[in-house]
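Engineer: Provided below are the primary sequence and the corresponding predicted coordinates.
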Amino acid sequence: MTHKPDLAALVGSRICHDLISPIGAIGNGMELIELAGSANGPELGLIGESVQNANAKIRLFRVAFGRASADQQVGEQEIHTILDHVAIGARMIVDWTVQGHVERTELRMAFLGLLCFETALPFGGVVSVQCDEGNWRLTGESEKLRVDSALWSAVQTGNLPEDLAPAKVQFGMLPLAAQQTGRKLSANWTETQLELTFWVG
């Protein structure tokens with residue numbers, strides 16, 4: 001059987017690759033303005049934070065939606081930098097407890113999971129990310145969750161609704177990534193807690 005390229009992942013990689021350079025250039029421009037002593041007022045501070053946030057989101061999307069292979073590793077410091085900058089102005093806080101480098105295929109699933117959690121924690125909350133010998137657990141806690149049971153059930157079965165919205169594409173990508181890497185998915189929730197686990201099946 002002829003192997004077909006993952007066109008969706010290639011498109012994701014291409015878009016993120018092309019956008020990260022101009023956004024990085026804006027960030028460099030902001031640094032030069034600061035060094036020149038011209039960065040005064042809250043407006044430029046807001047622009048600087050927005051650039052950091054946009055840069056981090058593209059890097060997160062590049063991992064989540066782009067092409068990934070098991071021989072690619074992402075360092076712990078880079079992961080923390082991405083998550084810290086994505087958190088600027090966000091209500092959801094991520095407590096990343098995984099130590100050391102992470103295989104990009106596993107990080108892809110973790111980031112896709114976090115994007116799914118964003119939809120369930122619109123009022124804020126904390127998501128703890130843990131990994132023990134390849135067994136990943138993401139646990140979200142909030143005083144008020146908004147869990148779309150149809151989508152979270154579909155994550156486990158892979159049977160997604162035909163009218164899946166673009167903003168919820170991560171719910172389609174996550175079970176696909178699990179299938180590609182031979183992992184099993186499980187999701188459970190209560191009124192205040194949501195848990196997602198994935199492991200080698």
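Structural biologist: Done, it's in.
Engineer: can you list the domains in the chain?
Structural biologist: 1-67, 74-201 (automatic domain parsing).
Engineer: Out of those domains, which is the most enclosed?
Structural biologist: domain 74-201 (a mean of 16; mean count of other Cβ atoms under 10 Å). (C-beta placed from N, C-alpha, C; glycine too.)
Engineer: For the longest helix along the chain, enumerate the helices and strands it packs against.
Structural biologist: Secondary structure of the chain per DSSP state H: the longest helix is helix 7-35. Other elements packing on helix 7-35 under the criterion 3 or more Cβ pairs under 8 Å, 6 or more residues apart in numbering; DSSP states H and E are helix 42-65.
Engineer: what does the helix it packs on rub up against?
Structural biologist: Residues outside helix 42-65 that contact it (Cβ atoms under 8 Å, 6 or more residues apart in numbering) are 8-9, 12-13, 16-17, 19-20, 23-24, 26-27, 30, 33-34, 39, 74, 81-86, 88-89, 104, 107-108, 111-112, 115, 169-170, 173.
Engineer: got it, and stretch 173-181?
Structural biologist: 8, 64-65, 70, 105-106, 108-109, 112-113, 116, 154-158, 160, 183-185, 198.
Engineer: How far does that stretch sit from its chain's centre?
Structural biologist: Offset of stretch 173-181 from its chain centre (Cα atoms, centre = their mean, to the nearest Å): 14 Å.
Engineer: Closest to the centroid, which residue in this structure?
Structural biologist: Phe111 (3.0 Å; Cα atoms, centre = their mean).
Engineer: Who are the contact partners of that residue?
Structural biologist: Contacts of Phe111 by Cβ under 8 Å, 6+ apart are 60, 63-64.
Engineer: what ranges do the strands span in the chain?
Structural biologist: Using DSSP state E, the strands assigned to the chain run over residues 73-74, 92-96, 102-103, 125-132, 135-141, 183-189, 193-200.
Engineer: Would you convert the ones you listed into a markdown table that also reports distance to Ala56 and mean pLDDT?
Structural biologist: Below are these laid out as a markdown table (distance: least, Cβ to Cβ, whole Å; pLDDT from 0 to 100):
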| stretch | distance to Ala56 | mean pLDDT |
| --- | --- | --- |
| strand 73-74 | 13 | 96 |
| strand 92-96 | 12 | 97 |
| strand 102-103 | 17 | 96 |
| strand 125-132 | 16 | 97 |
| strand 135-141 | 19 | 97 |
| strand 183-189 | 26 | 96 |
| strand 193-200 | 22 | 97 |
